Structure formats: structure tokens, C-alpha cells
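Enquirer: I'll drop the sequence and a predicted model, then ask my questions.
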Amino acid sequence: MTVELGHVALIIACALALYQSVVPIFAASRGDVRLAATADWTSTGILVFTGLSFASLVYAYALSDFSVINVWQNSHSQMPYLYKLTGTWGNHEGSMLLWVLILALFAAAVAVFGGNLPFRLKAYVLAVQGWLLSTFFLFILLTSNPFLRQPPAPEGRDLNPILQDIGLAIHPPMLYLGYVGFSITFAFAVAALLEGKIEPAWARWVRPWALAAWVFLTAGISMGSYWAYYELGWGGWWFWDPVENASFLPWLTGTALLHSALVMERRDAMKIWTVLLAILTFGLSLLGTFLVRSGVLTSVHSFASDPQRGLFILAILVAFVGGALLLFAWRSPRLQIGGMFAPISREGALVVNNLLLCAAAGTVLLGTLYPVVYEAVTGGKISVGPPFFNLTFSPLMLPLIFLVPFGPLLAWKKGDLNGAAQRLGFALLAALLVIVLVGGFVKPGNWLAPLVMGLAVWLMVGAFAEVWQRSTAGGSGASLILRRASGLPRSMWSTALAHFGVGVTLMGIVCVTAYETETVAVMKPGDVVQVNRYALRFESVEKVDGPNFTGEKAVLTVLDGDRNVATALPSKRFYPARQMPTSEAAIETFVFSQLYIALGEVRPDGSVSLRIWWKPQVVLIWLGSIFMVVGGAFSLSKRRASVRAKSRSAAVAPQGAEHAT
Amino acid sequence: MRLDTPLAMFAALAMMLCTALPAFAQSAADDERAKALFGELRCVVCQNQSILDSDADVARDLRSIVREQLDAGRTDDEIKTFLVDRYGEFILLKPVFSAHTLLLWIAPLLFIGVGGFLVLRVLARRSSTEQPAAALSAEEEQRIAVLLQRGDGDHAS
């Protein structure tokens, strides 16, 4: 019964979304404020009904109701309870429902927090969100309905075993919050084009929402990368896989959007470009959804592909992005261009940032789609894989990373490059020191890796140049420095943290790429293999009995000298419901480095083959993304505080301020 | 994943073979050159893996072919040509540089070049049409006064 209620709730939400697609625009054109305000109620209603609908599906999963086709296909009565719940979005239909729930969440956010938005702008934004919502509701109801019934089956077909993991519990929702978060900036961009002007309120809204989406997307991509690293079992953390690229593309343009919105907010420049970036970023999010679902591209990540649905999503993509771009071509000449700036200035630096990020996004996009288009045109099959992306992406990113520390040190309008360079002297010194130490003494021979490590240090130290210099400007007492540092604008800290995080990630990438080692060993009980400074002693093989799988695990003692530092348990599992084997690698962390041990063949005589990697500093890759996320979140928290202060003073300020410009 | 078409079943099977188990090199010899080559060759039946990462039978066969060829003293290019003749260009994860992939390889330069040109043109056009900032309206003056009075520290980037 709850399932039917969920189905009905979804249909009601769809009807409300259709209302919201039309009425606000009509109201705005007639200047009818009261009619436009009904959109606030519909967007809240849509969120409530979509939430009920999603909850009813989760409930069906919790009860293992195998009379629901979707539950039967993707769950198992013996599965751990957590995976029963997370299995709700471990399949196409359920994940689309989550997708649209998050879309509804963001639309309701505009309705609830958008009280200070100009009336027409808000009406247009809510209408655009209504279009998106109703399209995806229809998509779910017509092609991907998770609420269909069948005669009850005794047992489910189980969730794909590689998705039975805590990583899957949080990684897709994060990713969707990021993807779908850019629907807000998209809606604002289209609304600005419809209205034919960009108001100051526009800039104030777009940047925090772009930032919030970016924070979630960063976290989602990073978690997805770590999930692939430990779950797929061969120790790779980034494959330049189409599905990964699909999430990386909006991240690249979203990062560009974040920075161009900064220019717009502070200096009223780069407005038209920001509108275009907002459209492109959400377009790439939709493209990502399409690529993952359609089965057009093969991937190590895809879990639900169906060409028919892919076509539907492609049509949505073409309609929304194509429509928005046409609108852009038609209306953007009306928009006023903004403030002036010299080439050497904060604005200039951010233009270079945008240029390099977009060129990188363009290259990755072309590399991802080239094989598909090539096959469609010529019938021939070619591959574009990691070697291509590494060769083309790095030359675009490394110069950008070199330039990052300069940006925040340049003044708006006209900056002083020499002055900025002098303030970065310490960072340069630190970088040179690392290059000489590593290249000359620690790992002599190859200079490329030490050079990139130097670049990473340059960014890590350079990111804090401004914070450090402002904190120490007034004197050198420790308490004075601390007091000044905590008094600095929060945005300065968040910029420093996020840029520092990029440096940390780069350091992890270069260390593990250049210096990882792989050892393949066939071992009998008692055998010892040396990996880096650790000796691994193979003890035995044991049977494993899980709720919905069977398997074997190898027991290895990890010794540092004579000291027993860890027991590693790499295992293999077999899931009978899907007849599918998986490998569960054992990962032992030592500060930032990891031993990564995968179990291969287990022989009747009790010996095993093992593949053991030493992954130096690999943890830094994900640690860096945590700094980026914290930096972004820090900036948002500041904004909330100041918005609250503003709304307090707005209560006493003269009315009509928002219409003043 | 639905297993109701032969293609989907084949894909599922290939994925099982490819992703479920880590690859194990047949010989323990740590040949850097072989490894570099493995990383550039696609496991042709897998979802999206190089023969370095995959444990599928095809990947094993390909690895031993590459090893044999290396032992026979062939160069990297000769080995790749040999494999392309057998399996087609699809096997190369790093596409060849030739007429039909030219656009792909020059993409970064193209994007930077065209993007940079557009940026410069826009900047040049704007500085030639630069106008003095318009005077503030009375209303704007009043808002500034209000903002100054409030004295919030919201002035950093």
C-alpha cells in the first residue's frame, strides 16, 4: 500500500511541477505578485511529495518487499540492513528518484530563502526549475518507474556486490547534490536571459549556490575515487573513465564558474561569461547523467544502462542546453558589460584561470566523446584512454597550478606582478629546496617527479602567503599573530585552504604515480616478502561466511623490523545470487602511505598468489580534497552569517532597496 | 542491471571477468617496458581497462603476446603495429597521431588559442570604448551612506 501511495505522491508532485512551469511566468508578465507567490507553495509541496515518494521506496527496500519489481531486482533478504537501505539508489530507477528529490530540494531552497529576491527574477527562476522538475518527473513516470508491481517473489536478485559498500551509501547522494546543485545557477542564468538584465541580487545568489554545489561535487568525486580505489581491487584511483570524466567536467567548469562569479560579485565584470558558464556547467551535469545511463560509453562504474532511456535523457539535454544556448545567443547582447580592468590584475588572473579550466574541460570532453562520434561517422572504432588524457590535461593544469598563488596577491583592477612575486619568495625557496632534496638525494635520477613535487610545495606554501603576511604585519608576538590571523576575513582563509588542498592533492598524485611499487608473490604459509620497509609474513588462508556471500581470506602479518604493526586480511568473495566474484583488498595505512594487498589465486596446497602495492603518500590525494571542501564550506558559513546580519539591518533600512538598481 | 538481452548478459559476464578480480602478472619479472606497454593497451573485451589492470583471459593472452614480442627484440612501435593489425586501432588506449585523430591531439592548443584570441579581442575592444564611470544617482548615494554606516567588514574576496 505504501508503494502505491509513493506512486501517487510522485504523480501529485509532477502535477504541481507542471503548474509551477507556467503560472509564475504568467504572473510575472501581469505583475501579479500574489499569483507568483503560489510558486513558493508548489515548490515546497513538490519537495514534500517527492520526499514521501522516496521514503515509500526506501520503506519497500527496508521490508524487502519483493512484489515491487525494482526491489526484487536489486535487493536480497539476507543483505546487511544498511545496504538494503542504500540499495534504494544503487539502481537506475531509485537513483533517478533521488536525483529528482535533490532537484526538488534546491527548488524549495530558492522559494524559502529567496524572500529578498526581486519578484520577477524569483518567478522566472522558479518557473525554470518547474520545467526541469516536470521533465524529470515525466521521465521517471514514463520510462523508469520504481513503483511497478509483480506477483511477490520469494527472494530478490541481490544488489550488485561491488555496490554493497559504505562508499555507495554516501557517494552518489553527494555527487547528485553537486550535479543538481548547478541546476540553481542554470535556472538563474536562464531567468536573467528571460528578463534581459542581470541584477546585483543575481550575483549575490549565484556565487554561494555555485559554491555549495561545487563543495558537494568535490566531495562526491573524491569519495567516488576512493571507492574505486579500494573496491575495484587493482589500486587505481582515477581511470579517466567516461563516468569519471562525466563528473569531472562539471567540476572543471564549475570551478571556473566559482571564480568568474567572484569577479562578477566584486567588480560587476564577466557577467555574460558567467551566465554562459552557468548554462554549460549544468549542461555538462546532464550530459554526465546521460552518458552514465545510456550505455553509449563503456565504463568500470556503470550500473544501469538502457539505450532507450539514454535517448530520452539526450532529448532532455538537447532541449534544455540547446534551448538555453539559443536564448543566450538571442538575449545576451542586451546584457550590459561590466567593469574595466588591466591585464595584470585579480580579474586578469581569474580570466586566465577560466581560460585554462575551460580548455581542460573542452579537451576532456572531446577525448570522452571522440570515439563515439568517430564510430558514428566512420564506423571505425578507436580508443581514447588514460595516456591521452595524461598527456593533454597535465600541460594545461600545471601552468594553472603555477599561477594560482599569484591570483589572490594581485589587486582588483590593476595589480603589481613584481610585488606579488616578491611576496612569494618564501614559497619559491621552499619549492627549490624540495626539488633539490628529492631530486638530488632522496630519489636521484628522475627530475620530472621532483619538479612537480616542487610545484605542489610552491602552491601549498604560496596559498598561505597572504594569510601569513597579514598576520605577521603588526609584529611577531605569537598571540598577536594568532589574534590577527583569526581576525582576517574568512574568505581569505577559505581561498588559502582550498588552494592549499589542490597542492596537497597534486603532491599525492605525483608521489604515487612516480614512486609506487608493485610486487607479485606466490607464497606458502610462513613465507615472507619485503615491500618497502615492511616485511609481510603469510600465515594462513581462512574461510569467510557472510550473510549473502561466501569467501576466503588470507592472513598476513605486517612487520616493521621485529615489531608487528598490522594484520592484513585481503579476501575474495562470491555472491551466489548474482554468481559474481569480488575482491576485497586489504589496505594498511602508515601516515599518508598505504600497503595495498589483493588476493589472487588460492591453491589447494594452501599457497596463495598476492599482488602487493606500496602506495607512497596516496592518502594525500583525498586529504587535499578535504581541504578544498572545508575551504568552500568555510566561505559559505561566513556568507550565512553576513546574510543574517544584512537581513537584520534590512528590517530597519528604507524599503525598496532591492529595486534601487 | 537488467539481464534480459544477450548483449547485457555478455556485458555482465565481461564485467565479472574484468572488474571482479585484480590482475596477476604471469611472471614475476618486473619489466618496466612491458608494464608501460600494458598500460597503453586496451583489454578488448573489458568495460574500460588496460591489460595491465585486467585479469580477463584476453588480457592475459595479450600480455604474453607482448612479452614474446619483447623477447624477440621488437620495438614498441612494431609491437603496437602487430596488435593493431590483429585487433584494430581500438586496442590502443593512446590514439595514434594521424589525420583522423588530428583534431583530438591539437584540441588543447586549439581551445587555448581560440579562447585566448577571443579574450584579447574583447579586452581590446573594451579599452578602446572605455568611458568614464557614470555619476551616482541620489538613490545610490543614499544606499552607500547606509552601507557605510552599517560598516560591515564584508570587503574581502
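Expert: Looks like it arrived, so ask away.
Enquirer: who does A:Thr519 form a beta bridge with?
Expert: A:Thr519 has these beta-bridge partners by DSSP bridges: A:Ile612.
Enquirer: how much space between it and A:Thr567?
Expert: 19 Å (CB to CB, to the nearest Å). C-beta here means a position set from N, CA and C on the backbone, and glycine is covered the same way.
Enquirer: which non-adjacent residue is nearest residue 82?
Expert: Since you didn't name a chain, this refers to chain A. A:Ala169 (6.6 Å; CB to CB, 6 or more residues apart in numbering or on different chains).
Enquirer: you looked at the wrong chain, it should be chain B
Expert: In this structure, B:Phe82 finds its nearest non-sequential neighbour in B:Gln69, 6.5 Å apart by CB to CB, 6+ apart.
Enquirer: list the contacts of the one you found.
Expert: B:Glu78, B:Ile79, B:Phe82 (CB atoms under 8 Å, 6 or more residues apart in numbering or on different chains).
Enquirer: quick check: domain ranges of chain B?
Expert: Using automatic domain parsing, the domain parsing of chain B gives B:6-94, B:100-150.
Enquirer: mean pLDDT for the ones you listed: which is lowest?
Expert: Across the domains of chain B, domain B:6-94 has the smallest mean pLDDT, namely a mean of 74.
Enquirer: ok, the closest residue to chain A within chain B to B:Arg42 distance?
Expert: Nearest residue of chain B to chain A, counting by CB to the nearest CB: B:Leu93, 2.8 Å away. Taking CB to CB as the measure, B:Leu93 falls 5 Å from B:Arg42.
Enquirer: common neighbours of the two, please.
Expert: Residues within reach of B:Leu93 and of B:Arg42 at once, by CB under 8 Å, 6+ apart, are A:Ser383, A:Gly385, B:Ser50.
Enquirer: who does the last one bridge with?
Expert: Counting by DSSP bridges, B:Ser50 is bridged to B:Arg42.
Enquirer: okay, now it: neighbour count?
Expert: Other residues near B:Ser50 come to 25 when the count uses other CB atoms under 10 Å in any protein chain shown.
Enquirer: wait, the residue of chain B closest to chain A sits on B:Ser50?
Expert: Yes - here B:Leu93 reaches B:Ser50: they are 5.9 Å apart, a contact under CB atoms under 8 Å.
Enquirer: overlap in contacts, the two.
Expert: Contact with both B:Leu93 and B:Ser50 is made by residues A:Gly385, A:Pro386, B:Gly39, B:Glu40, B:Leu41, B:Arg42, according to CB under 8 Å, 6+ apart.
Enquirer: and the first one, what does it touch?
Expert: Going back to what we said before, that points to A:Gly385. Contacts of A:Gly385 by CB under 8 Å, 6+ apart are A:Trp240, B:Glu40, B:Arg42, B:Asn48, B:Ser50, B:Leu93, B:Lys94.
Enquirer: which parts of chain B are strands?
Expert: In chain B, no strands are found when defined by DSSP state E.
Enquirer: now A:Trp613. Nearest residue, chain neighbours left out?
Expert: In space, A:Trp613 is closest to A:Tyr596, 4.2 Å off (CB to CB, 6+ apart).
Enquirer: what pairs with the strand or helix carrying that neighbour, and is each one parallel or antiparallel?
Expert: In this assignment (DSSP states H and E), A:Tyr596 forms part of strand A:593-602. Note on strand A:593-602: by DSSP bridges, its sheet partners are strand A:586-590 (antiparallel), strand A:608-615 (antiparallel).
Enquirer: which residues sit against the last one?
Expert: Outside strand A:608-615, the residues within contact range by CB under 8 Å, 6+ apart are A:234-235, A:512, A:516-523, A:529, A:531-532, A:536, A:538, A:541, A:554, A:556, A:570, A:593-602, B:22-24.
Enquirer: mind running it again at 6 Å?
Expert: When contacts are defined by CB atoms under 6 Å, 6 or more residues apart in numbering or on different chains, strand A:608-615 is touched by residues A:235, A:512, A:516-523, A:531-532, A:554, A:594, A:596-598, A:600-602, B:22, B:24.
Enquirer: what's the answer for the first one, then?
Expert: Defining contact as CB under 6 Å, 6+ apart, one finds that strand A:586-590 is touched by A:Tyr230, A:Val558, A:Ala566, A:Ala568, A:Leu569, A:Pro570, A:Gln594, A:Leu595, A:Tyr596, A:Ile597.
Enquirer: at 10 Å what do you get?
Expert: By CB atoms under 10 Å, 6 or more residues apart in numbering or on different chains, the surrounding residues in contact with strand A:586-590 are A:229-230, A:235, A:532-534, A:536, A:553-556, A:558, A:560, A:565-571, A:594-599, A:610, A:612-616, A:618-619.
Enquirer: so among those residues, which ones count as buried?
Expert: A:229-230, A:235, A:532, A:534, A:536, A:553-556, A:558, A:566, A:568-571, A:594-599, A:610, A:612-616, A:618-619 (16 or more other CB atoms under 10 Å in any protein chain shown).
Enquirer: surely the residue nearest to A:Leu82 forms part of a helix?
Expert: Yes - the assignment for A:Ala169 (DSSP: H, G, I helix; E, B strand; the rest coil) places it in a helix.
Enquirer: show me which residues of the stretch 1-150 of chain A sit near chain B.
Expert: The stretch 1-150 of chain A comes close to chain B at residues A:Gln73, A:Asn74, A:Asn91, A:His92, as judged by CB under 10 Å from any CB of the partner chain.
Enquirer: neighbour-wise, which of those leads?
Expert: A:Asn74 (29 neighbours).
Enquirer: I'd say that one and A:Pro161 touch.
Expert: No - the criterion here is CB atoms under 10 Å, and A:Asn74 misses it with A:Pro161 at 11.7 Å.
Enquirer: quick one: the helices in chain B?
Expert: Along chain B, the segments classed as helices by DSSP state H run B:6-19, B:32-39, B:57-71, B:76-87, B:102-128, B:138-150.
Enquirer: pull out the buried positions in the shortest one.
Expert: Looking back up the chat, that one is helix B:32-39. B:Ala34, B:Leu37, B:Phe38, B:Gly39.
Enquirer: and the fifth one, by the same measure?
Expert: For helix B:102-128, the neighbour count (16+ other CB under 10 Å) marks B:Leu104, B:Trp105, B:Ala107, B:Pro108, B:Phe111, B:Ile112, B:Gly115, B:Val119, B:Leu123 as buried.
Enquirer: the residue of chain B closest to chain A against A:Gly367, yeah?
Expert: No - between B:Leu93 and A:Gly367 there is no contact under CB under 10 Å: 11.1 Å.
Enquirer: if we can go back for a sec, restricted to helices, list the residues of the stretch 1-150 of chain A next to chain B.
Expert: In helices, defined here by DSSP H, the members of the residues of the stretch 1-150 of chain A next to chain B are A:Gln73, A:Asn74, A:His92.
Enquirer: of all these, which comes closest to chain B?
Expert: A:Gln73 (7.3 Å).
Enquirer: find the centremost residue of chain A, please.
Expert: A:Leu217 (2.2 Å; CA atoms, centre = their mean).
Enquirer: if we can go back for a sec, same list (the strands paired with strand A:593-602) but as CSV, adding mean pLDDT.
Expert: CSV is the format used below for the strands paired with strand A:593-602 (pLDDT from 0 to 100):
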stretch, mean pLDDT
strand A:586-590, 93
strand A:608-615, 92
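Enquirer: can you list the ones you listed in TSV and add distance to A:Leu132?
Expert: Formatted as TSV, the strands paired with strand A:593-602 follow (distance: least, CB to CB, whole Å):
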stretch	distance to A:Leu132
strand A:586-590	40
strand A:608-615	41
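Enquirer: without its sequence neighbours, what residue ends up closest to A:Phe119?
Expert: Using CB to CB, 6+ apart, the nearest residue to A:Phe119 is A:Val33, at 5.7 Å.
Enquirer: residue contacts, A:Val321?
Expert: Shown in contact with A:Val321 (CB under 10 Å, 6+ apart): A:Phe186, A:Ile279, A:Leu280, A:Phe282, A:Gly283, A:Leu284, A:Leu286, A:Leu287.
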